[in-house]
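Undergrad: pasting a predicted model and its sequence here:
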Amino acid sequence: MTVPDPRAPIRQRHETRMRLLTVTSVTDITPLMRRVRLTGDLEGFVSLGHADHIKAFFFAEGTVPELPRIGPNGAEFASGTRPEMRDYTPRFWDVAAGWIDLDFVLHGDGPAAGWAARAAPGQTLVIGGPRGSLVVPTAYDWYLLAGDETALPAIGRRIEELPAGAPVLAFIEVAGPAEEQAFETRADLRLIYVHRNGAPAGTTSLLADAVAAAAFPPGTAYGYIAGEVSMAKAIRAHLTAERGFNPEYVKAAGYWRLGVADAHEDH
């Protein structure tokens with residue numbers, strides 16, 4: 001008889017729901033990170049994993065956002081034109097009060113960054129999901145987190161959700177000191193920021209170098225890496241090949257790829 005691994009991450013599926021929400025507040029938590037609060041019907045909203053993501057739908061300028069019907073091939077829009085979609089981690093939410101906070105990195109001129117730059121109370125946004133959650137048990141000796149600013153919502157959630165005293169070593173790459181965020185946590189957190197200082201995102205090895213140079217705590221760890229695809233792959237390879245991490249205990253999420261729009265890879 002096979003004994004279940006108490007450390008194995010657990011996948012849970014959720015009913016897919018589409019929601020038309022309204023912006024009620026916009027807050028710049030750093031010069032390049034904007035938090036948008038959306039309100040509306042959140043009945044049945046579930047997000048059990050720190051790296052869960054919702055789909056946000058960005059309609060062409062001049063098009064009124066609409067709730068699609070869910071058909072056999074997914075969302076079907078009455079206009080016949082599928083809006084641009086991007087993935088975002090739910091940062092904070094209150095189902096009973098009917099609000100959710102999403103954090104947007106203000107960079108480039110893509111549909112999501114453009115929408116966030118113009119966001120103001122009264123605007124609307126269609127979101128769907130999360131379709132599922134990856135729940136990481138709190139059965140590890142310690143936790144390693146690494147990512148660029150696009151991973152800050154997921155990393156921040158994990159830092160805040162870990163139990164009291166859980167050792168966590170976090171590496172975060174940002175543009176500069178003004179982009180650093182602080183987190184309230186009961187975990188035993190060691191947080192290391194690295195700054196690009198003018199270098200474009202995705203063009204340095206700063207984050208991988210910081211992880212490679214660090215002394216790790218003893219014991220079995222779970223590693224979560226997210227951000228630019230090549231960076232996430234490189235750190236995952238370092239952890240499994242050179243640091244003895246069990247590949248089953250490392251999640252690398254490629255949120256974006258340098259020079260490619262809307263790229264996403266999981267490993």
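TA: In hand now; what should we look at?
Undergrad: how close does I225 sit to A187?
TA: 18 Å (Cβ to Cβ, to the nearest Å). Backbone N, C-alpha and C define where each C-beta goes, glycine included.
Undergrad: between these two, which one's more packed in?
TA: Using other Cβ atoms under 10 Å as the criterion, I225 and A187 rank with I225 on top: 29 against 21.
Undergrad: pretty sure that one sits against R236.
TA: Yes - in this structure, I225 is within contact of R236 by Cβ atoms under 8 Å, at 5.8 Å.
Undergrad: and for the two, which residues touch both?
TA: Common contact partners of I225 and R236 (Cβ atoms under 8 Å, 6 or more residues apart in numbering): 250, 252.
Undergrad: ok, residues contacting the helix or strand hosting V23?
TA: Taking DSSP states H and E as the definition, V23 sits inside strand 18-30. Taking contacts as Cβ under 8 Å, 6+ apart, the residues outside strand 18-30 that touch it are 34-42, 45, 65-68, 70, 75, 99-100, 103, 119-128, 178-181.
Undergrad: drop anything exposed from those.
TA: Those of the contacts of strand 18-30 that meet the buried threshold are 34-40, 42, 45, 66, 68, 75, 99-100, 103, 119, 123, 125-128, 179, 181, by 16 or more other Cβ atoms under 10 Å.
Undergrad: in strands only, show me those.
TA: Using DSSP state E, 34-39, 75, 99-100, 103, 125-128 are the members of the buried ones among the contacts of strand 18-30 that sit in strands.
Undergrad: closest to A151 among these?
TA: Among those, D103 lies closest to A151 (Cβ to Cβ), at 10.7 Å.
Undergrad: and that closest one, bridged to which residues?
TA: Per DSSP bridges, the residues bridged to D103 are R35.
Undergrad: show me the contacts for it.
TA: 29, 33-36, 88-89, 91, 152-153.
Undergrad: from A213, how far off is it?
TA: Remark: distance between D103 and A213 (Cβ to Cβ) = 28 Å.
Undergrad: where do the helices of the protein begin and end?
TA: 111-118, 152-161, 206-213, 229-242 (DSSP state H).
Undergrad: much appreciated, bye for now.
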